[in-house]
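S.K.: Need coordinates for the following:
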Amino acid sequence: MIRPRRLASLLLLPFAAASVHAAAAEPAPLSGEPYELVRSLQAVQDGIAHGDVAAHSRHLALIRQIGEKLLAADASVWSKPQNGQAVVVYLLSGGPPQIVRKLPRERINIDERLFNGALAYVEGRQDEARELLKDVKPRTIPQSMGGQIALVQGALLANSEASVAIERLDDARLILPGTLVEEAALRREILLVGQAEDFDKFEFLTLAYVRHYRSSVYAGDFWQRFSTALAQSSLALDERRFTRIAALLDQTDRASRLKLYLVIAKAALVRGRLAVARLAGEQALSLAPDAGADRERAHFFRAAARVFADEYEGGLAELKAIDRSKLPERDALLLNATLQLALDIRRPTAASPAVAANKPPPTPARLDLASSTATLARAQKQLEDLELLAKDRRP
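M.R.: From the prediction side, this is the model:
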């Protein structure tokens, strides 16, 4: 489970550990009131969203330096609302809560819910943070703070109220467009929308991320969430959407694209979406190296789809030609069972003794598997059972 303290707002989460080593790059000396100091931190983090590696290298040092400035600030500055708001933004941008706790809380001009809710969140007190922030309307508070609070609400509600979490992440994106807040909201929202099976929005968010943040330091985290959303949902299993899915996958690198097509092909096969299994298998074949497990897996998924659709002979020949020694154990088990199932569905049904006495032995007739709902349902059920068995045998 992700601890909120790891750069509290999830803005910098994927590279938090690596950034410790990069903190040696000290930023230029800072001056100004707290809200001006925090504004400079936001500018650096927005640079990170757009691929500024130098900004990524110095942001932790900047957080530390700002913390020192806040502690040294004259007590009179805290009566200004914008400086109180800056404290909340600082917390939700990775500022250490132990620094904030040393500030003169009684002098800071800020809504108690926002201050205490932000502090509870970064310190990992999730239930308390959720209770404190649940009624806050992000669009009714100052913009710099509103986007951050909306992002936190999205994180806090993701497991319990996914639809509301999506609304809050929409708020975060719209309140602070072009910033690391929007970039982080897109990363988190893609997974929730995928779980909700909302393909149109999934596609929209993916293209928005690619258009604006494909060079982000955290793009790797985005594509991981994108892959998880595809693998855990049925978004990619509708044949009518396959061209659109392929267009999204074209935005990834070749290795990732191959991995995703294999995931889609297997999921489609097990769920009986034979057209998609074949299409994804063919795409994987076009990307896989000439030798190796990935190519054999792609052949397997395509061949199985052919066998259970309308290319029995060709599919069966392709299945028999697969080098099972190159397959992972669970796929080898599935291949063996698929071959047996393919042979079983072509085996003629035994005739009754009376009929057999008066008629010549039946010859295997080609089955119209594509139109045989019962046969396809049987194949799908057995494949699902076999996939569950293979999962149970994983180390």
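
S.K.: Quick check: pLDDT value at residue 232.
M.R.: Listed pLDDT for residue 232 reads 85.

S.K.: what's around it, how many residues?
M.R.: Residue 232 has 13 neighbours, counted by other Cβ atoms under 10 Å. C-beta coordinates here come from the backbone N, C-alpha and C atoms, glycine included.

S.K.: In this model residue 197 seems to touch it, though I could be wrong.
M.R.: No. Residue 232 is not in contact with residue 197 according to Cβ atoms under 8 Å; the separation is 10.4 Å.

S.K.: which non-adjacent residue is nearest residue 140?
M.R.: Nearest non-adjacent residue to residue 140, counting by Cβ to Cβ, 6 or more residues apart in numbering: residue 146, 7.6 Å away.

S.K.: hmm, who's touching the helix or strand hosting residue 231?
M.R.: Element membership for residue 231 (DSSP states H and E) is helix 219-232. Under the contact criterion Cβ atoms under 8 Å, 6 or more residues apart in numbering, helix 219-232 has outside partners 13-14, 186-188, 190-191, 193-195, 202, 206, 209, 213, 216, 235-236, 245, 248, 252, 256, 259-260, 263-264, 267.

S.K.: where does this protein have low pLDDT?
M.R.: Scanning the chain for pLDDT under 70 picks out 1-31, 347-395.

S.K.: Domain ranges for it, per the record?
M.R.: According to automatic domain parsing, the chain is divided into the following domains: 1-234, 236-346+369-395.

S.K.: I'd say residue 138 and residue 146 touch.
M.R.: Yes. Residue 138 lies in contact with residue 146 (Cβ under 8 Å); the separation is 4.2 Å.

S.K.: In terms of secondary structure, what does the host helix or strand of residue 285 contact?
M.R.: Take DSSP H and E as the rule and residue 285 turns out to sit in helix 274-287. Applying 3 or more Cβ pairs under 8 Å, 6 or more residues apart in numbering; DSSP states H and E, one finds that helix 274-287 contacts helix 242-249, helix 254-270, helix 293-307.

S.K.: switch the cut-off to 6 Å
M.R.: Counting contacts by 3 or more Cβ pairs under 6 Å, 6 or more residues apart in numbering; DSSP states H and E, helix 274-287 is packed against helix 254-270, helix 293-307.

S.K.: Can you point out the buried residues in that helix?
M.R.: Across helix 274-287, burial judged by 16 or more other Cβ atoms under 10 Å covers 274-281, 283-285, 287.

S.K.: Any figure for the gap between residue 118 and residue 183?
M.R.: 20 Å (Cβ to Cβ, to the nearest Å).

S.K.: These two - which one has more neighbours?
M.R.: residue 118 (29 against 26).

S.K.: Between the two ends of stretch 101-109, what distance do you get?
M.R.: 15 Å (Cα to Cα, to the nearest Å).

S.K.: so how far is it from its chain's centroid?
M.R.: Stretch 101-109 sits 38 Å away from the centroid of its parent chain (Cα atoms, centre = their mean, to the nearest Å).

S.K.: contacts for the helix holding residue 285?
M.R.: 237, 239, 242, 254, 257-258, 261-262, 264-265, 268-269, 298, 301-302, 305, 308-309 (Cβ atoms under 6 Å, 6 or more residues apart in numbering).

S.K.: quick one, that helix and helix 254-270 angle?
M.R.: If you take axes from the mean of the first three to the mean of the last three Cα atoms, to 10 degrees, helix 274-287 sits at 150 degrees to helix 254-270.

S.K.: and helix 274-287 with helix 293-307, angle?
M.R.: Relative orientation of helix 274-287 versus helix 293-307 (the same axes, to 10 degrees): 150 degrees.

S.K.: CA atoms only for helix 274-287 - export them in PDB, please.
M.R.: C-alpha atoms of helix 274-287 as PDB (Å, rounded to 0.1, in the frame of the first residue of the first chain):
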ATOM      1  CA  LEU A 274     -12.300 -15.100 -30.200                       C
ATOM      2  CA  ALA A 275     -12.100 -12.300 -32.700                       C
ATOM      3  CA  VAL A 276     -10.200 -10.100 -30.300                       C
ATOM      4  CA  ALA A 277      -7.900 -13.000 -29.300                       C
ATOM      5  CA  ARG A 278      -7.000 -13.600 -32.900                       C
ATOM      6  CA  LEU A 279      -6.500  -9.900 -33.700                       C
ATOM      7  CA  ALA A 280      -4.300  -9.300 -30.600                       C
ATOM      8  CA  GLY A 281      -2.400 -12.500 -31.300                       C
ATOM      9  CA  GLU A 282      -1.600 -11.400 -34.900                       C
ATOM     10  CA  GLN A 283      -0.500  -8.000 -33.600                       C
ATOM     11  CA  ALA A 284       1.800  -9.700 -31.100                       C
ATOM     12  CA  LEU A 285       3.200 -11.900 -33.800                       C
ATOM     13  CA  SER A 286       4.100  -8.900 -35.900                       C
ATOM     14  CA  LEU A 287       6.100  -7.500 -32.900                       C
END
